[in-house]
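Peer 1: A structural model of the following input is requested.
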Amino acid sequence: ESLHSSVGLLGISAGSLLLAVHFYSLPRAAPLIPSTALGVLLLMLSSLVAYAGIRRSLRNASLFLTLCLTISVFWCGYGVLFILGGQGVLNDTGDFHNALVPGLVTFTVALLLIAVVGFLCREVILALMASAVSLASAHEVAMNYSTAFGSSAVACNYMVVCLAGGYFALGRILYFLTKEKLALPGTDLTKKKTHKQIQSTSGSTNPFAVTGLILNMLSASVFGCRLLGVTSKLFVGQVPWLWAAGVYQLGICILSYRALDVLMATFFGFTSILKFAGGYCLLYQIWQPEEPSFPAPFLVAFSILFVVLALFLTLKSPVDGLYLLVYVAYCIALACHPKGFFEGGPQGMAVAIFLASALMSLIHLYKVKAGGQIPTGRGPVRALLARSSVLKLREGADLHAPYLGYSKYADAEVLGYACSALASFALTTTADPQAPLATVVIPWVVVAGGILKLLGGSVAFARGKTLESSAFILYAVMWIIWGLTRYGGLYGTARSFHAAVGMVAFMLFNGFIVFCALFLNVAWFLYSLTFLLITVSFLLDAIHALPAGYDIAATLIFGLVSFYCFLSALFSSTFEGSCLPMGRPIVQLNGMGGGMTKCLHLPARKASSVKRIADILKNGGTCGIPTDTVYVLVAACDRPDAVEKAHHSKRQAQDRPMSLWISSLKQLEPAKHLFSPLLWDFMEAAWPSPISLVVPRGEWVDFLGMKDSAKYVGTPQSIAVRIPDCSVTTHLIDMVGPIVVTSANPTGEADTTHHNQVYAKLGDKVDAVLCDGPSPENIASTVVDCTKIDSGTIGFFRVGIIPKSQVLQILEQVQKK
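Peer 2: Residues are numbered from 1 along each chain as shown. All right, here's what the predicted structure looks like:
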């Protein structure tokens, strides 16, 4: 049992103890813990609790994950408010109350939902802690409205959390340290779970979605409380809740990609933009007393993207699709009201979002925990699509299989293209030189065009998409720099010149991306080419030579191309086939990495993948496989054509001949009489290991079936033989028979240490790659010269991962035997 749950519960207990001490000492003139110190401690504990929850999520503990992340974001916003209060920022009467209540209301409801599901699913400890924190938050809200409610009750609830969490966490640690021999009463809950309960949490449901929905409740609560009169004003004190929700929402977006949920990850990326924009609007009042205005074109484009995303999400979960329509109405309400978040229409929609998010949180949480017992309408939609001959949903284990092997993340290109379309519409907004910040543009450009595109580029890089990731990251940097410069009031004579010079450099970089896109596909070529229109707009604006109407034309052209790429990526991630294709490469290359020929990339963790690689080798193919050292290129010995193909595919030099690998000495048993007893015993003692033994060439080679291709293996006098210390590799050799091996890189280049590099270095000259991520070692095997072993001496062609002393020790032991 993982100790991360114990660490998380101890973190919650420690924070609850701090808050209990704070509320017990609240009636005193001087609190025991200064507000600033309490805030800093809560921020540190919120990070620890979030880390423990995320690490524990790998063990399918969905309720614990939701509790940890919910309390983490609660204490993050709470801690910042304590710091602001301690530093005198919230000095006015009622400021601390107005800042605190929206968050307390949200977490009262959210933790109550977690407690209800916890009790229903018999997670008693977690339910008890969630209900106690919920009651403490509710009592604190009441305490802010009436002096009849004392702070002692809040402290008592936090003490319950501290004692319950501390007891359970210490019990689990004791259970671990005594190797399951000693357990405190009530702490050994893992054995009481039925197989059904464990299985119900291990499906394909996104366990992070509940926290994302609670974050939507938090941001909606800030504006909904103002409409309902719970708070008296919107001001800077509520920014910590909005921006804490935005930062955590970005984290939930990344984790949703980790959970292979493209649609919900895209949705959470969209909602993070609204949270940062809301915080910006409240923060703006520090500089100007009036409220900022909202550009309508951006919000119209945003509502269209929400509609499209809702339609696709409806195909997988109609309830989630209907929930997204609430955000469509929210964006329309913001577009119709120039003052945005400060007007009644958007605030009314915020109340609707709060209620809908609370309901969806309950549905998702119970569905994940109880194994989908709440109907969400998915069955009828799947039955309807099953009758369609055109549209067929993508499903199965290889749904998110990347082009270059196994990845822990789903594809984030949907979000990247959508953010390009959103950011481009910021071009249509004209900033007031006297009040450049008065129009809400910076959040759209910096968050949508910058931060989220950086996120998309990072995920694309993790999936092996080098060009796409480079383009997304470059464009993100451009959007951030341009957005802050153009709409942050940073232009001046000298700064305009510097901005223009920088923009020319960016255009040169983008020209290189346009050139590379020629070899990718038509859509990416147009996407990168039309972005040049955006960079020209940046340049002309910097030198004050922007013609009227150019921005609108550039926005429409680039926005439409981005929207098409967005739809194409959505279709390809949802349906089988290419309903909206990205096109073929404009320039087709023959050779390494060229054209549309893609070799198979199969995950090594699957037995079926190893079988497919074995079938390819038996049929005369060549494959890149992982080993106990670096990746290698292999071919079956009994397929002379494959051996010759492997030799020519990497222009093998004569001084680096191919070697022979076997899975056990039984494969050489028919030729045992051709080896000296000392050499045979030395091979038995040295293998399996990353030690290659160069043995004399002889008649035993004829038993391998290489025929004329034997000339490509070893030298006329000797051959290097090895049994690798890798279960996947030896299992493959058991299925295929002895194989010939060479390094998976052109002669003279560095060793290949990741499956992504195999295709990058050898191109389509390999038929398949068995993907196992980074190599366990970056050092090649030790090569030992055994041609004169009978005289009692050995030599070393290369000292690799196994030191010379260890090899000599093995020989000494064999000789004594």
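
Peer 1: every contact and neighbour count from this point should use C-alpha atoms.
Peer 2: Fine.

Peer 1: what's the neighbour count on Phe270?
Peer 2: 24 (other Cα atoms under 10 Å).

Peer 1: how is the chain partitioned into domains?
Peer 2: Under the assignment the TED database, the domains of the chain span 1-184, 224-306+313-371, 412-574, 600-816.

Peer 1: so where's the stretch 551-700 of the chain shaky on pLDDT?
Peer 2: 577-578, 589-598, 650-656 (pLDDT under 70).

Peer 1: can you give me the strands in it?
Peer 2: 600-603, 623-625, 632-636, 659-661, 691-696 (DSSP state E, counting those that start in this stretch).

Peer 1: try the stretch 251-400 of the chain
Peer 2: So, for the stretch 251-400 of the chain - with DSSP E, counting those that start in this stretch - there are no strands.

Peer 1: now do the phi/psi pair for Gly771.
Peer 2: Residue 771: Cys, not Gly. Main-chain dihedrals, Cys771, degrees, to the nearest 10: phi -100, psi 130.

Peer 1: which residue is the nearest non-sequential neighbour of it?
Peer 2: Leaving aside its chain neighbours, Cys771 sits nearest to Pro603 (4.8 Å; criterion: Cα to Cα, 6 or more residues apart in numbering).

Peer 1: what about that neighbour, neighbour count?
Peer 2: 21.

Peer 1: could you do Asp641 as well?
Peer 2: Neighbour tally, Asp641, other Cα under 10 Å: 18.

Peer 1: and it, what does it touch?
Peer 2: For Asp641, the contacting residues are Gly620, Ser709, by Cα atoms under 8 Å, 6 or more residues apart in numbering.

Peer 1: any idea how far it is from His647?
Peer 2: Taking Cα to Cα, to the nearest Å as the measure, Asp641 and His647 are separated by 10 Å.

Peer 1: average pLDDT for stretch 94-104?
Peer 2: In this model, stretch 94-104 has a mean pLDDT of 91.

Peer 1: buried residues in it?
Peer 2: Buried residues in stretch 94-104, counted by 16 or more other Cα atoms under 10 Å: Asp95, Phe96, His97, Asn98, Ala99, Leu100, Val101, Pro102, Gly103, Leu104.

Peer 1: Cys184 contacts Phe176, correct?
Peer 2: That one is not Cys; residue 184 is Leu. No - judged on Cα atoms under 8 Å, Leu184 makes no contact with Phe176 at a distance of 11.5 Å.

Peer 1: more neighbours: the two, which one.
Peer 2: Phe176 (16 against 13).

Peer 1: what is the helix or strand encompassing the more buried one packed up against?
Peer 2: Using DSSP states H and E, Phe176 falls within helix 152-177. Counting contacts by 3 or more Cα pairs under 8 Å, 6 or more residues apart in numbering; DSSP states H and E, helix 152-177 is packed against helix 4-24, helix 124-145.

Peer 1: need the pLDDT of the nearest residue to Trp444 once chain neighbours are set aside.
Peer 2: Nearest residue to Trp444 in three dimensions, chain neighbours excluded: Ala423, at 6.2 Å (Cα to Cα, 6+ apart). Predicted confidence (pLDDT) for Ala423: 87.

Peer 1: right, and the helix or strand after the host helix or strand of Ala423?
Peer 2: Applying DSSP H and E as the criterion places Ala423 in helix 413-424. Beyond helix 413-424 on the C-terminal side, the first helix or strand identified by DSSP H and E is helix 442-443.

Peer 1: tell me which strands and helices that following helix is in contact with?
Peer 2: helix 262-284, helix 466-487.

Peer 1: alpha carbons of the helix or strand following it, as PDB, please.
Peer 2: As assigned by DSSP H and E, the chain's next helix or strand after helix 442-443 is helix 452-462. This file holds the C-alpha atoms of helix 452-462, laid out as PDB (Å, rounded to 0.1, in the frame of the first residue of the first chain):
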ATOM      1  CA  LEU A 452      -2.200  27.100 -23.000                       C
ATOM      2  CA  LYS A 453      -0.200  26.900 -26.300                       C
ATOM      3  CA  LEU A 454       2.900  26.300 -24.200                       C
ATOM      4  CA  LEU A 455       1.000  23.500 -22.500                       C
ATOM      5  CA  GLY A 456       0.000  22.100 -25.800                       C
ATOM      6  CA  GLY A 457       3.500  22.300 -27.100                       C
ATOM      7  CA  SER A 458       4.900  20.500 -24.100                       C
ATOM      8  CA  VAL A 459       2.400  17.600 -24.500                       C
ATOM      9  CA  ALA A 460       3.200  17.400 -28.200                       C
ATOM     10  CA  PHE A 461       6.900  17.100 -27.400                       C
ATOM     11  CA  ALA A 462       6.100  14.300 -24.900                       C
END
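
Peer 1: which residues does helix 452-462 contact?
Peer 2: Contacts of helix 452-462 (Cα under 8 Å, 6+ apart): 254, 269, 407, 409-413, 415-416, 419-420, 466, 468-473, 475-476.

Peer 1: quick check on those residues: which are buried?
Peer 2: By 16+ other Cα under 10 Å, these give 254, 269, 407, 409-413, 415-416, 419-420, 468-473, 475-476 as buried.

Peer 1: so after the lowest-mean-pLDDT helix or strand in the chain, what's the next helix or strand?
Peer 2: Lowest mean confidence among the helices and strands of the chain (mean pLDDT, DSSP states H and E): helix 195-200, at a mean of 39. Per DSSP H and E, helix 195-200 leads on to helix 209-227 as the next helix or strand towards the C-terminus.

Peer 1: related to what we said a few turns ago, what about the buried residues of stretch 94-104, which are in helices?
Peer 2: Among those, DSSP state H puts Asp95, Phe96, His97, Asn98, Ala99, Leu100, Val101, Pro102, Gly103, Leu104 in helices.
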